[in-house]
Every structure is written in structure tokens, then in C-alpha cells.
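*Asks:* Below are the sequence and a predicted model; questions follow.
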Amino acid sequence: MSSQPHVLVIGGGSTGCGIARDLAMRGLDVTLVEQGNLTHGTTGRMHGLLHSGGRYAVADQASAKECMIENRILRDIASHCVEETGGLFVKRPEDSEEYFQKKLEGCKECDIPVEVLSGEEARKEEPYLAKDVEKAIRVPDGAVDPFRLCVANAASAEEHGARIETHAPVVDVLKEGDEVVGVEVEHESGPGKRVHREPGTREEIRADYVVNATGAWAGQIGEMAGLEKEIEVRPGKGVMTIMNTRQVDTVINRCKPKGDADIVVPHETTAILGTTDVEVDDPEDYPEEQWEVDLMIDTLKELVPIIEEARTIRSFWGVRPLYEPPGTGTSDSTDITRDFFLLDHADRDGVENFTSIVGGKFTTYRMMGEDISDHVCDKLGVDAECRTDEVPLPGSDDFSVLRDYMDEFGIRSPIGRRSAQRLGSRTDEVLDVDGPNPTVCECEAVTRAEVQDGIEGSGSDLNAVRLRTRASMGNCQGAFCCHRMASELYDEYDEETAYDAWDELYQERWKGERHAMWGRQLSQAALKYSLHGTTMNRDKDAATTDTVISDFTAFDTGAGASPSDGTAGTAATDGGRRGGD
Amino acid sequence: MAIREDVIVIGGGLAGSMAALEAADGDASVRLITHKKSTLRHASGLIDVLGYLDEEEPVADPFAAISELPDDHPYSIAGEAAIRDGLARFDEAVGDTYLGSHTDSNALLPTFGGAVKPTARYPAAAAAGLASDSRDMLIVGFEELTEYNAGMLADHLDAADVPFDVEGVELNFPGEYAHDSRVTRFAKRLDINEDVDHDGQTMGARQALADAVAPHVGDAERVGFPAFLGDDHTADVRADLERELGVDVFEIPMGPPSFPGMRLADQLKDALDDAGVHISAGNPVINYEADGDEIEAVIVDSKGREVPYHAEEFILATGGLVGKGIDSDRDGTVEEPIFDCHIPHSDDRYDWFDEEAFGNQPFAHFGVRIDEGMRPLDADGEPEFANLRAAGGVVGGTDPVTEKSQSGISLTTAAVAGQRARERAAKREVSQ
Ligand SMILES: Cc1cc2nc3c(=O)[nH]c(=O)nc-3n(C[C@H](O)[C@H](O)[C@H](O)COP(=O)(O)OP(=O)(O)OC[C@H]3O[C@@H](n4cnc5c(N)ncnc54)[C@H](O)[C@@H]3O)c2cc1C
Ligand SMILES: Cc1cc2nc3c(=O)[nH]c(=O)nc-3n(C[C@H](O)[C@H](O)[C@H](O)COP(=O)(O)OP(=O)(O)OC[C@H]3O[C@@H](n4cnc5c(N)ncnc54)[C@H](O)[C@@H]3O)c2cc1C
């Protein structure tokens, strides 16, 4: 063990991973514990907008300025996670001119570069914009892949000696008197990467300082620490609906004061519609409602009319961990600030060595990490500088990305290009494999090498592999690749583990489609059902379901003519397939 | 000039093809109008009749089990004789390329998902894979393919207590390839027996493949491959491998692109040509003309031009949700798009789908309800039209996926619809 102070970070979202990286780079000994996968929480269920700050430029200028600063930094240090799409705030005839002008002024005040486009100019860039869009403000919004970014932060932390423990919920905060001295975690399937069928064990992890970065769950950790005053996080849920193609290449925002269903963000091969903001009681258990999905389509078609006929592949919800400083008394959760707050429980509750960080945004995760790391170092008497704003994340650190991977790795160009986009400067390392490298997921163009790299990083949990690689997240929603991904587990993991992981992934993909079940997506689901049910018979699989076959001899034992003596065999009678189909 | 037939079949999948063959068995003139390729290119090529009732054990004799189905099941409505008729018509169309007709019992075959499945007819190419056969088995997989891992598949069959020893081996497919070649590329190489470099020598791809497999055969008396053993010359590929290896060789039916399904589609096409069925492919039927409850013509959208096709009798075989014979919408609509035949369904789209992947899936029941002449019924239980019959996936009322009855229902409903259409068209001709 090193002699450096040991800091324990709870929560493997963007905030926790950012803190872990920052502290580890400063030379501290860091452990991060997360109850599920990395991005299990809000970070894995957000819109993926790299804010320019434009959205907050009128009502919340402090946040807007932070966004723009961080937006510039992330383009630099996380280039392989960011797509610089640019964004437009578009004005429809019924939207207020006064607000348009305020938005323009606000952006300028917050140092957000802007440009005004006419309706025609905007449509020249985005042909599917509604004909009656009058004009637009261009801002430097972008799209960001939250999982890739979190994993890169965690990987960097590990490179600097941190321990990252997933599937390890904190079940207790350990205290001696008024001091927090560590936490107790439960290993859901054994310590380390996910290893199956080892009995759940508990572990006490001692630490000199504990940071609570559990977002919407912060209150629960507060309770475990016996804080007298509740940590008042107000969870606000929001829906996002994924379209099957990318109708727009630019982030499209409606230029209106806050509202539901006012933004479309292009992502990889899809476009994601969002969102709503409704306060809920429990961040783990809240209703996901039909009206929310309908609202996305019915409202956003006013900006991009073809959305109405396009196909949605699924919808998902996330919960904003909004924090309201005491005494504000805001009744509408959409009015709560998007800023973040650092709650030192020594000052607030008389509990030492323990701080919570609440609120904020994904875009500003690095800045939040820097602030809290400064605070922790200050408390521990460590003098070390933050460097996360200048040292690129693993994957973004050189420009080999621009090379032509197609020739090098013998893969078709669109697939090679997409792999390289996802992997950034890790492309060489991941794709340079000896054997054949067939495509496992056709929709998202993910090859075996990437899946294997994902398995190396997250073990046999195929849902985690999915998040790392995007495999099974495209149009077919796993119909053609759940079983292929499971096959990639075999040898390293046994048959039983691989089938469990397959069934778990398949079920997750299936259930998540429930909000998209009409038209072509229902047709696609029916195909998936036939392939896995009829053709593979997985619903009646005698090895994994209640079905049993007790007497094989009761069935057809063959026509009698079949056993081959090695001369012609059964084959001779078979007609085969004609050409010219 | 008006186009006129005795019978028009809409949809050229398994059901439409079989209905057309049935209707054409006699003097009736038959036209098959089909839009796109059918679901056969996705399907395994196996013909399931009835694999499961609500019990743990698979059904060994589907004919004995039919009496246990509910009265409104398509099999109950059509009757056992119709199932036998449908299978007989199929057997005739495919000849000895399919097996299973020697017995009423179901066969058990390994699927590429690793489970064992009951089915009624199977390609000769799959025959040596029967799970009720106690000979030891080797399963071969390829590093170049992702559909299954042979070791994992073998272990999984073992976990289902199959009555034989089974091993799996993953090999490299002989020769050089782009890293991400598709399965069709490998099938082609075997099909034309392309020369490849193997072990420092140049030899035919079949020989090279046999050489690569041979050291792993051990005690196995049969060797299973992914269903990609050739395309046009699949029988030769298998015969060559069997001769080289000295054991039986079989294919494990696969997902899309499915060679067994595509081979079946080709055979059906040949059978239709032989039977003199006119085929109009490439354009959809979009509407119809009727006089009261008699349909007079269907309207085909021929590149923007609306062309009527007249007939005495019409058979709707446009498939289910996958084949686009049934459509649905966000507002809660579920419809049969050509004739707007009644399809029982909830108006709440959230009722169509169960979150359990293999739970009771209401959408799987979507389809028209039929009378004993296979005529779609309206909401009051009366035939929608006097001369419209339905066959295949467009017929609903049961979940053919859990039952393993998908193609069997297609054959059965096609047999009845085809017979009735033929008979009634003939009667009309006499009376006219
Ligand atoms: C609908 C929606 C859309 C959004 N869109 C955007 C956007 O486009 N751009 C943007 O910048 N921001 C966006 N946000 C905000 C952003 O997603 C969040 O602010 C950010 O992801 C919060 O990250 P976090 O790490 O603080 O929280 P989380 O990601 O929730 O991380 C907390 C983690 O703590 C873990 N945890 C909880 N309890 C325990 C325990 N007992 N033991 C161990 N671990 C535990 C959880 O599993 C979770 O992974 C959006 C939010 C929502 C809801
Ligand atoms: C993935 C999958 C796996 C399967 N596996 C098995 C299996 O293992 N065992 C088994 O027994 N069965 C299996 N099946 C079922 C079987 O292949 C058939 O789908 C089923 O028998 C229904 O066939 P069908 O002819 O009614 O419909 P389809 O095959 O859907 O054919 C319908 C045809 O109608 C055409 N059409 C639709 N609308 C129009 C229009 N307006 N005008 C003109 N033409 C139109 C379509 O283009 C299509 O060619 C599987 C099916 C799928 C999808």
C-alpha cells in the first residue's frame, strides 16, 4: 500500500469517474466503488449533449459560462468521445422574437460564439428542418458519448493506480465517532470484474476521506452516514426517444424558454429526441409513460416533420440529480439551477472526512471533479495541481486516428471508420489482432476485436460490453447479435455463464423496446421473436428453461436411409439451390 | 386488356406458394402476385407442425396432440385431415430434399442457438443431426463466423442431456479472406470448390476443409457444420465432405441469411413454374374492387400505375407482422392493409407487448380470424367477403412461436384455402 492518503469515491457516473481520475493523477491513492456498471446511473441515461451553454444563456448564466469553458476543454482532451456537430436554436413563427434576441445577447454575454442564420440558410444545412422555421442561432453544441467518456476516465484513473470496483454497492458508511473512516460494500458477484457464481461477499474498505458522488442517490448515502440533515436531491425524470436514423446532423434546439420536447441530438447512426422534466420520488422506481413518448414525436415534428413517419427504436428515461440549496423553495423542478454544489459534511453536519457533490451536468463533470479534488486535497493537506484540463484521456492522445485503418486491419471502410471513431487512439491496440476479425454487430459495425476488448474491460456482463462497444444498440436491438456476443465469451467463460449473459442481455434489449412497439419496430421485434423463439427454440431450451426432454427415443430416429458409408451419404438426393435468385 | 384468372394468390411466401400449388392442381388458372422476398430467407427452412402444448415436455406426435388445442385454433378449425393434406402437398413439391414424412412423430434437431427443437419436416442436409440418434457428434465452427461457437453449442447440448457425446471445435476456414468476409463468401467458395492454399499445397476448398476437420473427428460418427455447405451444389459439397471424412455430415439451420430457407424458396419457385402458376413479382397489391361481398379484382401498384387483376377467388397470404401482411401504428391501429379485414387487438399499444422476452406476447396472436373455409371474419364473426380466403402468417389466433407451429399453420391453411378456391372457381365456371 502506498503511503499516500486513500480517498474512496462512491459512484461510477461521470462525476465519480472524473473525481477518481483527478485525484489519482494528483498522486493520491483512490478507490471508486459503483453499485452497477460504470454509468449505471443518470450518466448512462442522458441525452449526450455537449452543451455550449446556449440552453442556459438566458436563465442560468453561471451554468452557461461553465458549459462553454468545459465544452472547449472536452473537445481537446476527449476528442474521441465528442462529435463536433454544432447546434442551432431555431425559431418558428409562433416563437417570440424578443426571446430570440435575449438568447443571442445571453450567448454573447457568456462568451458562447454565435451566428444568426436565415431560415433558408439553416435548411441548406439541415434539409429536414420545417419549412416555416424563420431563422436560427448557431452555437458550438456537440454530441458526446457518456459511456466512452466515463470508461476513459476510469481507465486513466487505473493507469494512475486507482482501483475501480463495479457491481459493489455501498451498504454502509463506516464511522468512528464523528469521523467517517470508510465504507462497507457488497460484492454482487465476487470482487473485481464480474465473476459469476461466487457467493456474494462483503468488504470493508477503509479510507482517509470519502466522497459521495452518487447523484440522485446522494441522500441514501447520507442516511447511511447518519447525517441528521437530509441531502435534498430532487430527482427530475426525463424521457429520450431514439430514432432509427439520423435525421439531422446538427443539434436542433427550439428557441423558446424552457419546455418539453425541444431538442434533437444526433448520435452515431441515430438521432435522440428529448425531453421532459417531471419530479419523481424515487430515482430507481418511477413511471415511464406513454404520453411522454407521444409528446416527443408530436412536438418535435414541428421542428423536423419527418420524425412523425420515422421509426423509433426505443425510449429511455433518466433522472436529473438536481439540488436545491435550502430555502430556495422552488416549486417547479425545471426552475432548479443546473449548477453543482459541494457539501462538506464537517461544516454542514459535524461529520468529518466526508463530502457530497450534488447537482451539475455531464458537460461540467471535469470541473466538478477539479473542485472537489481541490477541496479534498486541501482537507488532507496535499499540495498537488489539477492536470485533467490538459492531459488527454486514453484514446484521445494522438492522431493516429486519422490513419486509414481499412488497409491495416483488412476491414471494410465504414466498419473501420466507425471502430476508429469509437476507439480513437486506442484503435491500433484494439484492432491489431492475429485471427480473423468478423463483424459481430452489423447495425453498429462492431467487430470481434472490439467486443473482446469490451469483455476484457467488463468481464462477462454483456450489458456492460454493450455500453462500451454499442454492440446490440442499433436498429435490430440485438436480434442478430445477442447470441454472437455471448459466443465471444466462450472459452474464457463457461457455457453456463455465457448463456446466462446472453439471456440477460436479450431480456434487457427486449424490455427496453416496449415504448417503440408499433409499425416497423414491432415488425422487427416479431422477427426477433421468431428467430430466437422459433428458429433457435430458446424459449423452450431444455438446458435453461422448465422444459425437459425425458425420452429422446419417442421422436423420429431417422428415415433409415441416412447413415453414410463414406461414399455418397445422404447428400445425393439433395437438390440444392439454383442461382439467379 | 383485362387480366383475368380463376384464382389469385397475394403473397409469395411459404403459404402463398403452397396455396397456389394447391389451387393449380386441376384446371384452374392461378396467378401469384407478390411484392418482396418472403420471410423464408430469414427462416430456418424447418417445417414445424406442433412442438409444444402447455406442458414441460415437447410433443412427440403432433397429430395426437391436436385434439387438445382450443376450438378457435387454426388447426382445430381446419382439422387434422387438412394438416395432412398440407404436408402431403409440401412433400410432393420438395421431393426427397426433405425428410420426416416416414413417421407422424416429430424429429428433434439441434438449433444454432444450442437448444434442441421438435419439427415435422427437415432438409435432407440436416438429417444426420437428429438428436434422437445416439451416434456421437462433432460440431464444427469457424473463427471467421460469429453465429455460434462450436464448443459452447456442444456444451449446451450436453447440458440438455442429449443421448450422445458431443464435442465442438473452432477452426479457420481454409484460404485467405478479408477479416470480415460474410457467410455467403464461404458458401460460394465451397460451392464452386475454389482452389485454396492449405498446408502449403493448393487444393479444392472442400478437400481443404475436410483436411482441417479430419484430425478432430475422433469417435464422432457425424459432423455438423453451419448451414453454409454450398449454395447451388449443396448435395455435392456434402457428399464430398462425407467421402473425405468417412462420416455423415449435416448442416445446423441458421439465421439470416439462411441458405436452407433460400433453397426452399427456390424449390417452391420451380414447383410453381412446373404447375403453370403465373407469377407477378415486384409490385404490391394496394386495393381491391368489390361488388357487395364479392371481390372482383385486386389493384396492383405497378410503379405508380394502378392495374386491376380480376379473378373468381382470392387468397390472402401476405404474411404476419414480419411479412407486412399486418400493419400497426402508434395510435393503436392494427390492420390488414389491403382488404381491411378485422384483426382483434387492444387499442392501447402498450397491451401488445409483454416485457418478458418469452412471456405471453399478444402481438404474436395478431391476425385475421377464419371460418372453416379459411375466410377472414369480421367483428361479428361473419365472412368479410364470400370469395376471400387467408393462409399463413396473416392468420392469427395463436402464438405459433411458442407452439412451434409456424410453417405447419402455413401449410394447413394454404391447403384448405387452395382447395376451396379451386373447387369454388370450378363450380362457378360450370354455372356461368
Ligand atoms: C433526461 C436527462 C438528460 C440529460 N441530458 C444531459 C445532456 O444532454 N448534457 C449534459 O451535460 N447533462 C445532461 N444531463 C445531466 C447529466 O446526465 C447528469 O448531471 C450527470 O450524468 C450526473 O452524473 P453523476 O455522476 O453525478 O450521477 P450518476 O451518473 O447518477 O452517478 C451516480 C452513481 O452512483 C451510483 N450509486 C448510487 N448508490 C450507490 C451505492 N450505494 N453504492 C455504490 N454506488 C452507488 C449509481 O449507480 C450511479 O452510477 C441529463 C440528465 C437527464 C436526467
Ligand atoms: C426469423 C424467422 C424464422 C422462422 N423459423 C421457422 C422455423 O424454424 N420453423 C417454421 O416452421 N417456421 C419458421 N418461420 C416461419 C415461416 O418461415 C413463415 O414465416 C411462415 O410460415 C409464414 O409464411 P407466409 O408465407 O404466411 O408469410 P411471409 O413469408 O411473410 O410471406 C408473405 C409474402 O407476401 C408478400 N406481400 C406482403 N404484402 C403484400 C402485398 N400487399 N402485395 C403483394 N405481396 C405482398 C411479402 O412480400 C412476402 O413475400 C420463421 C419465420 C421467421 C420470420
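*Replies:* Yep, it's here. Ligands and ions are numbered 1, 2, ... in the order given.
*Asks:* Domain boundaries for the chain, per the record?
*Replies:* Unless you meant another one, I'm taking chain A. The record, using automatic domain parsing to delimit domains, assigns chain A the ranges A:6-42+A:147-232+A:338-380, A:83-143+A:234-323, A:405-540.
*Asks:* right idea, wrong chain: chain B
*Replies:* If you go by automatic domain parsing, chain B breaks into B:3-98+B:262-431, B:112-252.
*Asks:* The ones you listed into TSV, with extra columns for distance to residue A:455, mean pLDDT and mean neighbour count?
*Replies:* To be clear about C-beta, it is placed using only N, CA and C from the backbone, and glycine gets the same treatment. Supplementary listing: the domains of chain B in TSV, determined by distance: least, C-beta to C-beta, whole Å; pLDDT from 0 to 100; neighbours: other C-beta atoms under 10 Å in any protein chain shown:
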stretch	distance to residue A:455	mean pLDDT	mean neighbour count
domain B:3-98+B:262-431	22	96	21
domain B:112-252	13	94	22
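*Asks:* May I see the domains of chain A arranged in CSV, with distance to ligand 1 as well?
*Replies:* Below are the domains of chain A laid out as CSV (distance: least, C-beta to the nearest ligand atom, whole Å):
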stretch, distance to ligand 1
domain A:6-42+A:147-232+A:338-380, 2
domain A:83-143+A:234-323, 3
domain A:405-540, 12
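*Asks:* Using CSV, lay out those domains together with distance to residue B:27.
*Replies:* Conversion of the domains of chain A to CSV gives the following (distance: least, C-beta to C-beta, whole Å):
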stretch, distance to residue B:27
domain A:6-42+A:147-232+A:338-380, 66
domain A:83-143+A:234-323, 46
domain A:405-540, 37
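*Asks:* And what about residue B:138, helix, strand or coil?
*Replies:* The assignment at residue B:138 comes out as strand when based on DSSP: H, G, I helix; E, B strand; the rest coil.
*Asks:* That one: what's it in contact with?
*Replies:* Residues counted as contacts of residue B:138 (C-beta atoms under 8 Å, 6 or more residues apart in numbering or on different chains) are B:166-169, B:213, B:216-218, B:220, B:222-224.
*Asks:* quick check: longest helix of chain B.
*Replies:* helix B:406-431 (DSSP state H).
*Asks:* just to revisit the earlier point, how about the contacts of residue B:138, which pair is most distant?
*Replies:* Longest distance between any two of the contacts of residue B:138 is 15.0 Å, between B:166 and B:213; criterion C-beta to C-beta.
*Asks:* re earlier: from the contacts of residue B:138, which ones fall inside helices?
*Replies:* The helices, defined by DSSP H, take in residue B:213 from the contacts of residue B:138.
*Asks:* hmm, the strand ranked longest in chain B touching ligand 2?
*Replies:* The strand spanning the most residues in chain B, taking DSSP state E as the definition, is strand B:305-316. No: using C-beta under 6 Å from any ligand atom as the criterion, no contacts between strand B:305-316 and ligand 2 are found, and the smallest distance is 9.0 Å.
*Asks:* Show me what the following helix or strand past that strand packs onto, helices and strands only.
*Replies:* Using DSSP states H and E, the helix or strand that follows strand B:305-316 towards the C-terminus is strand B:327-328. If contacts are counted by 3 or more C-beta pairs under 8 Å, 6 or more residues apart in numbering or on different chains; DSSP states H and E, strand B:327-328 sits against helix A:519-529, strand B:334-335.
*Asks:* Strand B:327-328 pairs with which strands, and in what direction?
*Replies:* The strands beside strand B:327-328 in its sheet (DSSP bridges) come out as strand B:334-335 (antiparallel).
*Asks:* For chain B, what is the nearest residue in chain A?
*Replies:* Using C-beta to the nearest C-beta, the single residue of chain A nearest to chain B is residue A:536, 2.7 Å away.
*Asks:* For the residue lying closest to that residue once chain neighbours are set aside, which residues are in contact?
*Replies:* Ranked by C-beta to C-beta, 6 or more residues apart in numbering or on different chains and with sequence neighbours excluded, the top spatial neighbour of residue A:536 is residue B:113, at 2.7 Å. Counting by C-beta under 8 Å, 6+ apart, residue B:113 makes contact with A:483, A:532, A:535-538, A:541, B:148.
*Asks:* For these, give me TSV that also has distance to ligand 2.
*Replies:* Output for these, formatted as TSV (distance: C-beta to the nearest ligand atom, whole Å):
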residue	distance to ligand 2
A:483	13
A:532	9
A:535	4
A:536	9
A:537	8
A:538	12
A:541	14
B:148	16
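*Asks:* For residue B:304, state which of the residues you listed is nearest.
*Replies:* Of all the contacts of residue B:113, the one with the least separation from residue B:304 (C-beta to C-beta) is residue A:535, at 37.1 Å.
*Asks:* That closest one: neighbour count?
*Replies:* By the criterion of other C-beta atoms under 10 Å in any protein chain shown, residue A:535 has 27 neighbours.
*Asks:* That one touches residue B:44, doesn't it?
*Replies:* Yes: here residue A:535 lies in contact with residue B:44, judged by C-beta atoms under 8 Å, at a distance of 4.4 Å.
*Asks:* what is in contact with the two at once?
*Replies:* Contact criterion C-beta under 8 Å, 6+ apart; residues bridging residue A:535 and residue B:44 by contacting each: B:111, B:253, B:255.
*Asks:* among those residues, who's most crowded?
*Replies:* Neighbour tally across the shared contacts of residue A:535 and residue B:44 (other C-beta under 10 Å): the maximum, 28 neighbours, falls on residue B:253.
*Asks:* pLDDT value on it, please?
*Replies:* You'll see residue B:253 listed with a pLDDT of 94.
*Asks:* which ones are touching it?
*Replies:* For residue B:253, the contact set (C-beta under 8 Å, 6+ apart) comprises A:535, B:44-46, B:109, B:111-112, B:123, B:126, B:227, B:260.
*Asks:* got the phi/psi numbers for residue 350?
*Replies:* The chain I'm using is chain A. Geometry field for residue A:350 lists phi and psi as phi 70, psi 20, criterion degrees, to the nearest 10.
*Asks:* which ones are touching it?
*Replies:* Contacts for residue A:350 were tallied using C-beta under 8 Å, 6+ apart; they are residue A:178.
*Asks:* re earlier: quick one: list the elements packing against the longest helix of chain B.
*Replies:* Packed on helix B:406-431, when contacts are counted by 3+ C-beta pairs under 8 Å, 6+ apart, are strand B:3-10, helix B:14-23, helix B:74-78, helix B:80-94, strand B:305-316, strand B:388-390.
*Asks:* okay, those in a markdown table with distance to ligand 1 next?
*Replies:* Compiled in a markdown table, those are given as follows (distance: least, C-beta to the nearest ligand atom, whole Å):
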| stretch | distance to ligand 1 |
| --- | --- |
| strand B:3-10 | 46 |
| helix B:14-23 | 45 |
| helix B:74-78 | 45 |
| helix B:80-94 | 52 |
| strand B:305-316 | 45 |
| strand B:388-390 | 45 |
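*Asks:* could those go into JSON lines alongside distance to residue A:178?
*Replies:* As requested, the helices and strands packed on helix B:406-431 are exported to JSON lines (distance: least, C-beta to C-beta, whole Å):
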{"stretch": "strand B:3-10", "distance to residue A:178": "79"}
{"stretch": "helix B:14-23", "distance to residue A:178": "75"}
{"stretch": "helix B:74-78", "distance to residue A:178": "73"}
{"stretch": "helix B:80-94", "distance to residue A:178": "79"}
{"stretch": "strand B:305-316", "distance to residue A:178": "77"}
{"stretch": "strand B:388-390", "distance to residue A:178": "76"}
